[in-house]
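S.K.: sequence and computational prediction follow.
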Amino acid sequence: MSSQSRDKKYKRILLKLSGEALMGGLGFGIDPKVLDRMALEVGQLVGIGVQVGLVVGGGNLFRGAALQTAGLDRVTGDHMGMLATVMNALALRDALERSNIKSSVMSAIPMSGVVDHYDRRKAIRALSRGEVVIFAAGTGNPFFTTDSAACLRGIEVDADLVLKATKVDGVYSADPMRDPDAVKYDYLSYDEVLDKKLEVMDLTAICLCRDHKMPLRVFAMEQQGALLNIVVGGEEGTLVGASATREEKRHDK
Ligand SMILES: Nc1ncnc2c1ncn2[C@@H]1O[C@H](COP(=O)(O)OP(=O)(O)OP(=O)(O)O)[C@@H](O)[C@H]1O
Ligand SMILES: O=c1ccn([C@@H]2O[C@H](COP(=O)(O)O)[C@@H](O)[C@H]2O)c(=O)[nH]1
């Protein structure tokens, strides 16, 4: 049976897109072809009635830690990283709207005249109307990452699942980019990720999900159709979380 003909398992999701993945084949910046593909895949979810919140990283432009290594003040670097996520969010909104998908950007850092300021209740109302909401500027605070922002916003808007779309196809026993013997997990509890110090996501993000029983799935965005397959109940990548968490909750959203 094709994914399209199956019913959705999740009503509202929070999808974290890798900033680095936006580069595609380029060394820096945004590849329009990648943007268009992401818009197409998000559009497929909207098409079957899934409410989609998005958080995009900034690794294709700036990361505070890397800027600090280059000699900048860390907080200034983190501010630059958060502004980078706003640029990515604008590019994503543009791609979504070119595909006729209603979308808005809400930034944790106020940027009057450019994007809306983050407002949880307005975000929930927009999601309920079927609009894609892109949460930009991370948490608005230095020393965090967009992984934590994704889990935070996912919990705040009462998403059923947080999805991390990244370069690798799940969580491994070690970084698969560095260790060819790393073994992939299909399922991990929050405490297993924390105890084993698996670095696919920052540990603050995992703690947030654990404390609020938010299930999390890590998968490869490059794998075409994986996103749609997940929302109809497919087992792509790695699921992190207690099996009986929000996945089994039913909401009238
Ligand atoms: N145990 C692990 N399992 C899977 N990936 C791991 C693990 N440890 C480290 N990694 C690395 O973590 C990376 C994903 O994390 P990271 O947040 O840096 O990337 P990203 O999703 O591309 O984020 P950004 O939005 O900042 O570009 C993977 O590409 C992988 O190389
Ligand atoms: O809440 C946040 C989120 C992000 N930052 C800074 O932005 C960059 C880019 O985000 P990635 O998650 O690495 O893609 C990050 O490295 C931080 O410097 C932040 O300060 N606070």
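M.R.: Right, received. Where do you want to start? Ligands and ions are numbered 1, 2, ... in the order given.
S.K.: spell out which parts of the stretch 101-250 of the chain neighbour ligand 2.
M.R.: 138-139, 141-142, 144-147, 149 (C-beta under 6 Å from any ligand atom). Any C-beta I mention is one placed from the backbone N, CA and C, and that applies to glycine too.
S.K.: switch to 8 Å and redo it
M.R.: 108, 137-149 (C-beta under 8 Å from any ligand atom).
S.K.: what about the residues you listed, which one has the most neighbours?
M.R.: Compared across those, Thr146 has the highest neighbour count, 31 neighbours, by other C-beta atoms under 10 Å.
S.K.: residues in contact with that residue?
M.R.: By C-beta atoms under 8 Å, 6 or more residues apart in numbering, Thr146 lies in contact with 16, 19, 55-58, 85, 138.
S.K.: do the helix or strand containing Gly81 and ligand 2 meet at all?
M.R.: Assigned by DSSP states H and E, Gly81 belongs to helix 74-98. Yes. Using C-beta under 8 Å from any ligand atom, helix 74-98 comes into contact with ligand 2 via 77-82, 84-85.
S.K.: buried subset of those?
M.R.: Applying 16 or more other C-beta atoms under 10 Å to the residues of helix 74-98 next to ligand 2, the neighbour count classes 77-82, 84-85 as buried.
S.K.: tell me the one among the residues of the stretch 101-250 of the chain next to ligand 2 nearest to Leu161.
M.R.: Nearest to Leu161 out of those is Asp147 (C-beta to C-beta; 14.7 Å).
S.K.: skipping its backbone neighbours, what lies nearest the closest one in space?
M.R.: Distances taken as C-beta to C-beta, 6 or more residues apart in numbering place Ala205 nearest to Asp147, at 4.1 Å, with adjacent residues excluded.
S.K.: what residues are up against that neighbour?
M.R.: 145, 147-148, 150-151.
S.K.: just the ones of those residues in strands?
M.R.: Judged by DSSP state E, strands contain none of the contacts of Ala205.
S.K.: tally of neighbours for Val157?
M.R.: By other C-beta under 10 Å, neighbour count at Val157 equals 22.
S.K.: typo on my end, Met201
M.R.: 23.
S.K.: kindly report the same for Gly234.
M.R.: Close neighbours of Gly234, defined as other C-beta under 10 Å, add up to 17.
S.K.: same thing with Arg178?
M.R.: Using other C-beta under 10 Å: Arg178 sits among 7 other residues.
S.K.: from here on, count from 97
M.R.: All right, first residue 97 from here; so that's Arg274.
S.K.: please, which helix or strand holds it?
M.R.: Assessed by DSSP H and E, Arg274 sits outside every helix and strand.
S.K.: that one and Thr262, how far apart?
M.R.: As judged by C-beta to C-beta, to the nearest Å, Arg274 and Thr262 stand 15 Å apart.
S.K.: how about Lys292?
M.R.: Lys292 is 18 Å from Thr262, where distance means C-beta to C-beta.
S.K.: circling back: mind giving me the packing neighbours of the helix holding Gly177?
M.R.: Here helix 170-194 touches helix 128-143, strand 147-152, helix 160-165, strand 199-203, strand 228-232, going by 3 or more C-beta pairs under 8 Å, 6 or more residues apart in numbering; DSSP states H and E.
S.K.: now the angle between strand 228-232 and it, please.
M.R.: Angle between the axes of helix 170-194 and strand 228-232 is 160 degrees (criterion: axes from the mean of the first three to the mean of the last three C-alpha atoms, to 10 degrees).
S.K.: just the angle for helix 170-194 relative to helix 128-143, thanks.
M.R.: Using the same axes, to 10 degrees, helix 170-194 lies at 70 degrees relative to helix 128-143.
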